[in-house]
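# Can you look at this prediction? I've put the sequence above it.
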Amino acid sequence: MTSDHRDRRPSHDDLTAGLRGYLQLVADLVGADHRAGTTDVGSVAAALLPLPHRLSWFPERALALGWDEEHGWAAQLAGADGVDQLPVSYLGVDALPTPRVVAWFLKDLLAGGDPGSPFPPAMRDRGERDDFEERLSAYATHSDH
C-alpha cells in the first residue's frame, strides 16, 4: 500500500520558508523592509513586521503588522516599554489572507478608516487539520531567505 502524497504534511523548514516568503510579499506591498521582520513557526506560527508608517492618532508610537496562525493579521502599536505590541485592529478575514488584502487593510487604516476589529478573531487552532500548512508552505518560492 502506498502512502497518499496528501497525507504528507509540510516540514518545519517548508513552513519557515513559506512564512518568510509570505512576510516578504506583504512587506513589498506595504513599503516595509522584510529583513526587519521576524518569523517563528514554533508552537504557534507568528510574524512581526515593523512599518515605516505611523497612525495619525498615535504618532509617537511605532507601528507594526503582527500575524499569527490563530488570529491572522493585526495592526499593532509599540507599548510604552517599546517592546510589547498592542493590537489596535485585527483584519479578521482569514488566517492567511493574500498579501494584497493585508496591504488594503493597512492602507485603509492609515487613511483613518476602521477596516478591522479591536477584538482578536478565532481563525483556527494550531494543529487543526485544514489546508493552512500547505497554503503557507506554498509561499516558500517567494522567499529570498
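Perfect, I can see it now.

# Next up, the contacts around the residue nearest in space to the middle of the chain.
Residue closest to the average C-alpha location in the chain (C-alpha atoms, centre = their mean): residue 67, at 3.2 Å. Counting by C-beta atoms under 8 Å, 6 or more residues apart in numbering, residue 67 touches 23, 46-49, 73-74. Just so you know, the C-beta spots here come from the backbone N, C-alpha and C atoms, and that holds for glycine as well.

# what's the next secondary structure element after the strand or helix carrying it?
Taking DSSP states H and E as the criterion, residue 67 maps to strand 63-68. Moving toward the C-terminus from strand 63-68, the next helix or strand (DSSP H and E) is strand 72-78.

# Who are the packing partners of that following strand?
strand 63-68, strand 85-90, helix 99-110 (3 or more C-beta pairs under 8 Å, 6 or more residues apart in numbering; DSSP states H and E).

# which of these sits most buried?
strand 63-68 (a mean of 22; mean count of other C-beta atoms under 10 Å).
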